[in-house]
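Colleague: Sharing a model that was predicted from the sequence below.
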Amino acid sequence: MSLTESFALYNGTYMPKVGLGVYKMNDTQEVVEAVQSALNVGYRHIDTASFYDNERGVGEALKQSEVPRDELFVTTKVWNDEQGYEETLQAFDRSMDKLGLDYLDLYLVHWPVPGKFADTWKALEKLYKDGKVKAIGVCNFMEHHLDELMQTAEVKPMVNQVEFHPRVYQKDLLSYCEAQGIQLEAWAPLGRGQYFDAPILEELSTKYDKSPAQVILRWHLEHDVIIIPKSSREKRQKENADLFDFKLTDDEIRKIDELHTGERIGAHPDEFDY
């Protein structure tokens, strides 16, 4: 049980359960060193996006690494102002040039831009069918977005990356994705640390000799949700990965579920300023 432990997507691609998120890391030595550190710790899953403006730094770190390409799982995303069929194909080429990769493991539609995401998805389907991407998916899609997409899609999304943590426990969306065979992935899985002092988290932290953050991350894994906590510091990267030597009971999982309030740290997909 380690950082190489994976979930199988419905097309047979294996996606590591724990990855490194690099949102708001500068496209300088900061992101290069963060990715290098994570790879040295044992991470094999790196999540970036064109919007993060640090794909070049991620690519440089991967290039300098001695980890074989086939052991890596690299994700990037098409941003809102790049959406549309031809625009997405061009955005993909720009991202691949910056990353310096011959193929991508996962390409995601960053937000469900009204009137555009269906055409954007057609471009992802082409990239997938052409063998340039091992898996394709979406971010921030609610059930109704997925319903709309699948009216015209030839390939079902393999992943849906959304805001998901105990305060935003999207139970219905999780159930929907499970029923559809779509793997749920959590961005900001720690909710930016805003409620680590919740009594249930402090209680379980003491019981398992783990930090509240580790308890929350383990909660995600118990729900079969992939996590990409962000950290540029090796010590924190190690802590975020040290999740495989304990399990929560069903009752403990339920108590953490009850922390749900719906208080988001990001925009609701239906209220995003597109």
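Modeller: Here it is on my side, so go on.

Colleague: which stretches of the stretch 101-250 of the chain aren't confidently modelled?
Modeller: Scanning the stretch 101-250 of the chain for pLDDT under 70 picks out no residues.

Colleague: what about stretch 99-109, distance to the chain center?
Modeller: Distance of stretch 99-109 from its chain centroid, counting by CA atoms, centre = their mean, to the nearest Å, is 14 Å.

Colleague: Actually, stretch 247-254.
Modeller: Relative to its parent chain, stretch 247-254 has a centroid offset of 23 Å by CA atoms, centre = their mean.

Colleague: Could you do stretch 203-210 as well?
Modeller: Its chain's C-alpha centre and that of stretch 203-210 lie 26 Å apart, by CA atoms, centre = their mean.

Colleague: Same question for it: list its buried residues.
Modeller: Within stretch 203-210, the residues scored as buried using 16 or more other CB atoms under 10 Å are L204, S205, Y208, K210. In this view, the C-beta of every residue, glycine as well, is placed from N, C-alpha and C.

Colleague: Which strands and helices lie in contact with the helix ranked longest in the chain?
Modeller: Longest helix in the chain by number of residues (criterion: DSSP state H): helix 85-99. Packing partners of helix 85-99 (3 or more CB pairs under 8 Å, 6 or more residues apart in numbering; DSSP states H and E): helix 55-64, strand 73-78, strand 104-109, helix 117-129.

Colleague: now it against helix 117-129, angle please.
Modeller: Here helix 85-99 points in a direction 50 degrees away from that of helix 117-129 (axes from the mean of the first three to the mean of the last three CA atoms, to 10 degrees).

Colleague: buried set for helix 85-99?
Modeller: For helix 85-99, burial by neighbour count (16+ other CB under 10 Å) applies to Y85, E87, T88, L89, A91, F92, S95, M96, K98, L99.

Colleague: go on, stretch 64-81?
Modeller: Those would be S65, L72, F73, V74, T75, T76, K77, V78, W79, N80, for stretch 64-81 by 16+ other CB under 10 Å.

Colleague: measure W219 to G266 for me?
Modeller: Relative to G266, W219 is positioned 19 Å away (CB to CB, to the nearest Å).

Colleague: Compare those two and say which is more crowded by neighbours.
Modeller: Using other CB atoms under 10 Å, the more surrounded residue of W219 and G266 is W219, with 25 against 13.

Colleague: Grab the nearest non-local neighbour of the more buried one.
Modeller: Of all residues beyond its chain neighbours, the one nearest W219 is I256 (4.9 Å), with distances taken as CB to CB, 6 or more residues apart in numbering.

Colleague: Which residues are in contact with F51?
Modeller: F51 makes contacts with K77, W79, H110, as judged by CB atoms under 8 Å, 6 or more residues apart in numbering.

Colleague: surely the last one meets D47?
Modeller: The one in question is H110. No - between H110 and D47 there is no contact under CB atoms under 8 Å: 11.6 Å.

Colleague: hang on, the earlier thing: tell me, how many residues neighbour the residue nearest to W219?
Modeller: Around I256 there are 23 residues (other CB under 10 Å).

Colleague: rewinding a little: so H110 and D47 - more neighbours on which side?
Modeller: More crowded of H110 and D47, by other CB under 10 Å: D47, with 25 against 21.

Colleague: what residues are up against the more buried one?
Modeller: Residues counted as contacts of D47 (CB under 8 Å, 6+ apart) are G19, L20, G21, V22, T75, Q161, I228.

Colleague: export those to a markdown table and tack on distance to D245?
Modeller: Shown next, in a markdown table, are the contacts of D47 (distance: CB to CB, whole Å):
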| residue | distance to D245 |
| --- | --- |
| G19 | 19 |
| L20 | 20 |
| G21 | 23 |
| V22 | 26 |
| T75 | 27 |
| Q161 | 26 |
| I228 | 21 |
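
Colleague: Would you mind checking which of these is nearest to L149?
Modeller: Q161 (14.6 Å; CB to CB).

Colleague: What residues does that closest one make contact with?
Modeller: Counting by CB under 8 Å, 6+ apart, Q161 has contacts D47, L108, G137, V138, C139, N140, L184, E185, A186, W187, I228.

Colleague: Walk me through which strands the helix or strand that contains it pairs with, and which way each runs.
Modeller: Using DSSP states H and E, Q161 maps to strand 159-163. If you go by DSSP bridges, strand 159-163 pairs up with strand 133-139 (parallel), strand 183-187 (parallel).
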